[in-house]
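Trainee: Got a predicted structure here, sequence first:
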Amino acid sequence: MKRNVGKMERFFRALGGLMLVTGAAMAPLSLTIRLAVFGALGVYLLFSALAGSCLGYALMGRSTCPVEPGR
């Protein structure tokens, strides 16, 4: 998949993903809710930050990457 997430947004996605995964481990809720809500969203944010691409952006045809030189 083509990269469509800029560097600054990747940083904030990784930070948010780490916070959500930490919340999934520490929140005083049932395990099902922690894994389904916090865990799944946190893992997706971490994956999109590491891969540099977001499925939602791809479906909408959006990108936060700067324009490449020569285009």
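Mentor: Arrived safely, thanks for sending.
Trainee: Which residues does stretch 38-58 contact?
Mentor: 1-5, 10-11, 13-14, 16-21, 23-24, 27, 63-64 (C-beta atoms under 8 Å, 6 or more residues apart in numbering). Where C-beta positions appear, they are placed from N, C-alpha and C, glycine not excepted.
Trainee: Let's see that with 10 Å instead.
Mentor: Here stretch 38-58 makes contact (C-beta atoms under 10 Å, 6 or more residues apart in numbering) with 1-7, 9-27, 29, 31, 33-35, 60, 62-65.
Trainee: Need the residue closest to the centroid of the protein.
Mentor: Taking C-alpha atoms, centre = their mean, the centroid of the chain lies closest to Leu45, which sits 1.9 Å from it.
Trainee: mind checking how far that residue is from Thr32?
Mentor: Using C-beta to C-beta, to the nearest Å, Leu45 is found at 20 Å from Thr32.
Trainee: Repeat that for Ser63.
Mentor: 35 Å.
Trainee: who's more crowded, these two?
Mentor: Ser63 (16 against 8; other C-beta atoms under 10 Å).
Trainee: now the more buried one, what's its secondary structure?
Mentor: Three-state call for Ser63 (DSSP: H, G, I helix; E, B strand; the rest coil): coil.
Trainee: Check the spacing between the residue nearest to it when sequence neighbours are not counted and Gly23 real quick.
Mentor: Excluding the flanking residues, the one nearest Ser63 by C-beta to C-beta, 6 or more residues apart in numbering is Asn4, at 4.0 Å. Look at Asn4 and Gly23: by C-beta to C-beta, they are 27 Å apart.
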